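Undergrad: Below: sequence and its predicted model.
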Amino acid sequence: MKKQILTLLFLNAIIIAGFSQAEAFITHTVGTTASASPYVIASGHLNSGSHPDIVVGTQTNSVEIYINNEDDTFAAPMVKTLTQVNGVHIADLDGINGNDILATSYDGDKLVWYANNGDGTFADEAIISSTVDGPGTIVTGFIDSDTTLDIALAVYGGDGDTDRVIWFANDGLPWTEQDVIPATAGLGCGNIDIADVDGDTDLDIVVANVDTGTVELYYNNYNPLTDNDPVSFTESAGGDISTGNTYLFGLAFGDVNDDSYLDILKVDLYGPQIAYYQNDGSGTFSEVIVNNTHPYPSIAFVADLNNDSYNDIIAADGLNANDDVFWFESDAVGGLGSETIIRDNNFHNQVYGFTINDFDNDGDIDIATIGYQDNRLKWIENELNLLSIPAIELSSDVSIYPNPTSNRINFKGITEKTNVSVYDILGKKIISQSINVNQALDVSKLQNGIYILRLDDLNSSFKFVKE
């Protein structure tokens, strides 16, 4: 999906919780990207180190891999050549040597992956598909509920009725391609996200259609607990989740109001609007406007930025000078506070993408950003823990072990059947099930990283590391 260049100016600076923003967030400049126009970014563990790494895709022909030196710096990038990169994603596709890298070439009409060699290097590109017209955003998940990670892909389309969302079953070569949304002229499929939004154990997909200005939710009809029918998707019964948008750019699932149901967060670049669609748990979504003062918001995510166990919204502005990064703090009762600046307009020149992760491995969420026109990669160290913001309150009677873990979480102190939810760093619920006394929770399918585990019936939360 091609994005336009913005050329307006804006200046804003505020104080965070009585402290200067410099005391709450520290900026580290990684450096200038190897190629110009960095456009997409992802983060995750790419080697045996404990600190997450970064992948950047540029519009001028590169996929760049930045390995974390684990001392607040990153190594010079390993560079793979790929034309007009419109999507990057980190996931373990083959179950060997840890996480691999996926990327799309918009004008090359292909989806590729770079296998992790296990020695700090990555293989040359392997083509998953070379017949997709304008591929963009990539997400992964166990779509058909087997043991291999599948891929979902947004196809913006450039010729005729090629706009669609597709998924690839990871069943061995060649990859099996199937529709989520059949090819439809004029949709302009842009950002997508994947999660079990209705709690029926399979993964659903939400898509932002740029050209029609709509947000659509597609439910996965496959239920591995009751049948073995082929995977198919059906649009939500209520139709479009959102209509009338001017230029949809950001889209993500996340439990914004902490009610255990996944909401849908969207950003309309030219609206300008940040809003989320509150899920009541029965398939009905109600729009809630976030009080955004920025003229061109670009990207937003749901995550617990200040480590108080409530989800906040982190966002950025896509102007060439008014490229603030900012956040909205949860008020702990399902609402959001006023906008607070993390970094102001001198930070970058156009922020079209950022990623969140614990880059210094200190237990809180940091932010890595790219400037589309200044060709810079930076990361923002989160020092909000210095402001005496309370950490997650743990029950003195219940505990989990081992932590970190590779396969299972065990529980001490549980005396009856209990509902367990696991959320990723973006606040997306990825596991929801009941466990019996002395029963362990299987987390072997999770990607490496930090997660929040909630014992819903006991009102207890724990942070754990999957490795």
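TA: Alright, I've got the coordinates. Numbering: from 1, shown residues only.

Undergrad: For the rest of this, base every contact and every neighbour count on C-alpha atoms.
TA: Fine.

Undergrad: Quick check: buried residues in stretch 129-141?
TA: By neighbour count on 16 or more other CA atoms under 10 Å, the buried set for stretch 129-141 is Ser129, Val132, Asp133, Gly134, Pro135, Gly136, Thr137, Ile138, Val139, Thr140, Gly141.

Undergrad: just stretch 316-331 next, same as before
TA: So for stretch 316-331, counting by 16+ other CA under 10 Å, buried means 316-330.

Undergrad: from the buried residues of stretch 129-141, which ones fall inside strands?
TA: Residues of these located in strands (DSSP state E): Ser129, Pro135, Gly136, Thr137, Ile138, Val139, Thr140, Gly141.

Undergrad: Make a markdown table from those residues and add distance to Ser338 and pLDDT to it.
TA: A markdown table is the format used below for those (distance: CA to CA, whole Å; pLDDT from 0 to 100):
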| residue | distance to Ser338 | pLDDT |
| --- | --- | --- |
| Ser129 | 44 | 96 |
| Pro135 | 36 | 96 |
| Gly136 | 33 | 97 |
| Thr137 | 30 | 98 |
| Ile138 | 32 | 98 |
| Val139 | 31 | 97 |
| Thr140 | 33 | 96 |
| Gly141 | 34 | 93 |
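
Undergrad: low pLDDT regions in the chain?
TA: 1-23, 224-229, 321-323, 385-396 (pLDDT under 70).

Undergrad: and if we set it to 50?
TA: Scanning the chain for pLDDT under 50 picks out 1-22, 386-395.

Undergrad: by contact count, what packs against the helix or strand where Ile367 lies?
TA: Secondary-structure assignment from DSSP states H and E places Ile367 in strand 366-371. With contacts taken as 3 or more CA pairs under 8 Å, 6 or more residues apart in numbering; DSSP states H and E, strand 366-371 sits against strand 38-44, strand 351-357, strand 376-382.

Undergrad: by contact count, what packs against the first one?
TA: Pointing back at strand 38-44 there. strand 53-58, strand 85-91, strand 351-357, strand 366-371.

Undergrad: buried ones in the first one?
TA: Of all the residues in strand 53-58, those buried under the rule 16+ other CA under 10 Å are Asp53, Ile54, Val55, Val56, Gly57, Thr58.

Undergrad: Which neighbouring elements make contact with it?
TA: strand 38-44, strand 62-66, strand 85-91.

Undergrad: For the residue of the chain most remote from its centre, give its distance to Phe462.
TA: Outermost residue of the chain with respect to the C-alpha centroid, by CA atoms, centre = their mean, is Thr415; its distance is 35.3 Å. Distance of Thr415 to Phe462, given as CA to CA, to the nearest Å: 18 Å.

Undergrad: Of all the helices and strands packed on strand 366-371, which one is nearest Lys429?
TA: strand 351-357 (16.5 Å; CA to CA).

Undergrad: neighbouring contacts of the closest one?
TA: 39-44, 52, 298-299, 316-320, 323, 365-372, 425-426 (CA atoms under 8 Å, 6 or more residues apart in numbering).

Undergrad: centre of the chain versus stretch 272-282, how much separation?
TA: 17 Å (CA atoms, centre = their mean, to the nearest Å).

Undergrad: I misspoke; the intended subject was stretch 354-366.
TA: 13 Å.

Undergrad: can you pull the buried residues of it?
TA: Phe354, Thr355, Ile356, Asn357, Asp358, Phe359, Asp360, Gly363, Asp364, Ile365, Asp366.

Undergrad: and which of the residues you listed is nearest Ala24?
TA: Nearest to Ala24 among these, with distances taken as CA to CA, is Asp366, at 11.3 Å.

Undergrad: circling back: will you turn the helices and strands packed on strand 38-44 into TSV that also has distance to Ala152?
TA: Shown next, in TSV, are the helices and strands packed on strand 38-44 (distance: least, CA to CA, whole Å):
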stretch	distance to Ala152
strand 53-58	18
strand 85-91	11
strand 351-357	19
strand 366-371	24
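
Undergrad: Identify whichever of those strands lies nearest to Asn97.
TA: So among the helices and strands packed on strand 38-44, strand 85-91 is nearest, using CA to CA, at 11.2 Å.

Undergrad: quick one, the closest one and strand 38-44 angle?
TA: 0 degrees (axes from the mean of the first three to the mean of the last three CA atoms, to 10 degrees).

Undergrad: Pairing partners for strand 85-91, with directions?
TA: Strand 85-91 has its sheet partners listed here by DSSP bridges as strand 100-105 (antiparallel).

Undergrad: Next one: His294 relative to Glu339, how far apart?
TA: 10 Å.

Undergrad: er, Asp442 actually
TA: 38 Å.

Undergrad: Tell me which of the two has more neighbours.
TA: Glu339 (20 against 13; other CA atoms under 10 Å).

Undergrad: check contacts around that one.
TA: Asn291, Asn292, Thr293, Phe326, Trp327, Phe328, Glu329.

Undergrad: tell me which residues form a beta bridge with it?
TA: Phe328.

Undergrad: now the strands: where do they sit in the stretch 351-467 of the chain?
TA: Counting by DSSP state E, counting those that start in this stretch, the stretch 351-467 of the chain has strands at residues 351-357, 366-371, 376-382, 399-401, 408-412, 418-423, 429-435, 441-442, 449-455, 460-466.

Undergrad: what does the shortest one contact?
TA: Put plainly, it is strand 441-442. In contact with strand 441-442 (CA under 8 Å, 6+ apart) are residues Asn407, Arg408, Ile409, Asn410, Ile435.

Undergrad: Would you mind putting those into JSON lines with neighbour count and distance to Thr176 alongside?
TA: What follows is the contacts of strand 441-442, written out as JSON lines (neighbours: other CA atoms under 10 Å; distance: CA to CA, whole Å):
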{"residue": "Asn407", "neighbour count": "15", "distance to Thr176": "29"}
{"residue": "Arg408", "neighbour count": "16", "distance to Thr176": "31"}
{"residue": "Ile409", "neighbour count": "20", "distance to Thr176": "34"}
{"residue": "Asn410", "neighbour count": "15", "distance to Thr176": "37"}
{"residue": "Ile435", "neighbour count": "17", "distance to Thr176": "35"}
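
Undergrad: sorry, back to before: wait, which of the helices and strands packed on strand 53-58 is closest to Asn257?
TA: strand 38-44 (25.2 Å).

Undergrad: Good, we can wrap up now.
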